[in-house]
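>>> only the shape, not the letters, is given here:
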DNA sequence: GGACAAGATGATACTGAGTCTCATATTTCT
DNA sequence: AGAAATATGAGACTCAGTATCATCTTGTCC
């Protein structure tokens, strides 16, 4: 063999397979619509059996939603982590959005398509909201170190994560309603700026 | 006939039927579990046919989630509206929670059961999150009049609604994880107090 | 008050999601 | 290499969700 990856072939294969399923699901749903995309189609496109699909995702919609949002989801948490140490929690989040906004114009068509698709069916939208909770947690963990005086059960990191995702969702709603013409990053900043954290809250 | 209600018999019947379906769904799901409750069961319990069920709810989980949360959902918006005019937006929300907290001890067992049930299945949790968005909107509309300088596209009411529901959800998570022993209203206040609105944000 | 339009309901049939079981194949450990 | 553990695929099965059509109830117009 060439290189023995971190922890066995199984782990790596699972990650790859999961990504391949999510990508196939999102691509097919984008091409022909959600209702017209069956799990058999997705499984075939991903080169796996139907039963195997359900070992990776609980539902069709979750697979699609994952495929739609893996682009730019946990990415956000990583970008937040990469911001300068001097920045406070919300400052880091705003800076991260500003940073992501720089490359937004190239991603605009894809972003719009994905945002429209995730809002086109209430089932899919429900699962998208479910994913947002995961990102909330990821954001909360990413910014936690930036709180100087952090108690174990401090509500601020989780609330900061929640309002980060709420700002993203609400801004996206407005942006999609406008046909995707406006400036999404700026809109998100606007929503985000309308709230801030209480300094010494316990 | 005795009294001719507002706008016809049809309207009233629809509202009643919808409530009866949601109640039956939540009750059966609570008694025997979500997976063990079929739509045929719910329809039979509500005294309607299977096809009629889908004329009122898009999915089984949505019916259950609606039945679980119609108690205390839009109620919140009404309570907020009933708060004294002098209070600002977040003050009104905090006061509303304080008011609701007074009768919490009687509702505690029911609340816990419903919170646990809605978290017991990821499908149901996803639909519950979907309902939260409706409440966000309801809360946003309820507090909008309390903003003195409100622009048409002001992000603050929606963000206030979002963080209100986020606080409720996150506090409830902690409360359920603790087995429902703690003081949920106080916990919610704590989460809510960790953020506030930026005064003059546009 | 009766006839007609509009909407609500129920029965039935059909597709596809999601679950389960078992036989087979692949990876890991010794 | 061989055994144990785990991943996969195939097939059968239940039930969610959709669509159609006939029947019944409500609202309206004369």
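Perfect, thanks for sending it. All figures in this text were calculated on a predicted structure; none of them were measured in a lab.

>>> count of neighbours near the closest residue to DNA strand C within chain A?
Proximity to DNA strand C, evaluated over chain A using C-beta to the nearest atom of the strand, is greatest for residue A:8 at 2.5 Å. In this view, the C-beta of every residue, glycine as well, is placed from N, C-alpha and C. Counted with other C-beta atoms under 10 Å in any protein chain shown, residues neighbouring residue A:8 total 10.

>>> contact partners of the longest helix anywhere in chain A?
In chain A, assigned by DSSP state H, the helix with the most residues is helix A:8-32. In this structure, residues lying in contact with helix A:8-32 by C-beta atoms under 8 Å, 6 or more residues apart in numbering or on different chains are A:5-6, A:37, A:41-43, A:45-48, A:52-53, A:56-57, A:60, A:63-64, A:66-68, A:70, A:113-114, A:117.

>>> what do you get if the cut-off is 7 Å, keeping everything else the same?
Applying C-beta atoms under 7 Å, 6 or more residues apart in numbering or on different chains, the contact partners of helix A:8-32 are A:5, A:37, A:41-42, A:45-46, A:48, A:53, A:56-57, A:63-64, A:66-68, A:70, A:113, A:117.

>>> average pLDDT for it?
For helix A:8-32, mean pLDDT rounds to 92.

>>> residues of it that come out buried?
For helix A:8-32, burial by neighbour count (16 or more other C-beta atoms under 10 Å in any protein chain shown) applies to A:17-18, A:20-30.

>>> kindly report the same for stretch A:115-133.
For stretch A:115-133, burial by neighbour count (16+ other C-beta under 10 Å) applies to A:115, A:117-118, A:121, A:123-133.

>>> sort out for me which of those residues are in helices.
Per DSSP H, the subset of those in helices is A:115, A:117-118, A:123-133.

>>> adding pLDDT, write those out as TSV.
TSV is the format used below for those (pLDDT from 0 to 100):
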residue	pLDDT
A:115	92
A:117	92
A:118	92
A:123	92
A:124	93
A:125	94
A:126	94
A:127	93
A:128	93
A:129	94
A:130	93
A:131	91
A:132	93
A:133	94
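
>>> mind listing the helices for chain A?
Taking DSSP H, the helices of chain A run over residues A:8-32, A:39-46, A:50-56, A:60-69, A:74-82, A:89-102, A:104-118, A:122-143, A:156-177, A:184-193.

>>> of those, which stretch is the most buried?
Comparing those by mean neighbour count (mean count of other C-beta atoms under 10 Å in any protein chain shown), helix A:60-69 ranks first with a mean of 25.

>>> would you mind measuring from the closest residue to residue A:24 other than its chain neighbours to residue A:113?
Spatially, and ignoring its direct neighbours in sequence, residue A:24 is nearest to residue A:45 (3.9 Å; C-beta to C-beta, 6 or more residues apart in numbering or on different chains). Using C-beta to C-beta, to the nearest Å, one gets 18 Å for the distance from residue A:45 to residue A:113.

>>> now swap in residue A:43 and tell me
From residue A:43 to residue A:113 the distance is 23 Å (C-beta to C-beta).

>>> also residue A:189?
23 Å.

>>> what does residue A:61 give?
Residue A:61 is 17 Å from residue A:113, by C-beta to C-beta.

>>> likewise for residue A:33?
In terms of C-beta to C-beta, residue A:33 sits 12 Å off from residue A:113.

>>> enumerate the residues of chain A near DNA strand D.
Residues of chain A that fall close to DNA strand D, judged by C-beta under 7 Å from any atom of the strand: A:10, A:13-14, A:17, A:47-52, A:55-56, A:123.

>>> from the residues you listed, pick the one nearest chain B.
Within those, the smallest distance to chain B is 7.0 Å, found for residue A:123 (C-beta to the nearest C-beta).

>>> show me where pLDDT drops low in chain A?
Residue ranges of chain A with pLDDT under 70: A:1-7, A:70-73, A:200-202.

>>> could you rerun that using 50?
When residues are selected by pLDDT under 50, those of chain A lie in A:1-5, A:201-202.

>>> can you give the domain ranges for it?
Split into domains by automatic domain parsing, chain A comes to A:9-61, A:71-193.

>>> of all the helices of chain A, which lies closest to residue B:180?
Smallest distance to residue B:180 across the helices of chain A (C-beta to C-beta): 19.2 Å, for helix A:156-177.

>>> now that closest one: how far from the chain's centre is it?
Centroid separation for helix A:156-177 versus its chain: 11 Å, with C-alpha atoms, centre = their mean, to the nearest Å.

>>> likewise stretch A:77-94?
Distance of stretch A:77-94 from the chain centroid (C-alpha atoms, centre = their mean) equals 17 Å.

>>> how long is it end to end?
12 Å (C-alpha to C-alpha, to the nearest Å).

>>> quick one: is that stretch near chain B?
No: Stretch A:77-94 stays clear of chain B (C-beta under 7 Å from any C-beta of the partner chain), getting no nearer than 9.6 Å.

>>> likewise for stretch A:179-197?
Yes: shown here: stretch A:179-197 in contact with chain B (C-beta under 7 Å from any C-beta) through A:190, A:191, A:193, A:194, A:195, A:196, A:197.

>>> what about the spatially closest residue to residue A:121 that is not a sequence neighbour, neighbour count?
Spatial nearest neighbour of residue A:121, excluding adjacent residues (C-beta to C-beta, 6+ apart): residue A:34 at 5.3 Å. Neighbour count of residue A:34, defined by other C-beta under 10 Å: 18.

>>> now residue A:34. Its backbone dihedrals?
phi -70, psi -50 (degrees, to the nearest 10).

>>> tell me the contacts of it?
When contacts are counted by C-beta under 7 Å, 6+ apart, residue A:34 touches A:64, A:120, A:121, A:124.

>>> identify the residues contacting residue A:155.
B:170, B:190, B:191, B:194.

>>> same check on residue A:63?
Taking C-beta under 7 Å, 6+ apart, we find residue A:63 in contact with A:21, A:22, A:25, A:42, A:57.
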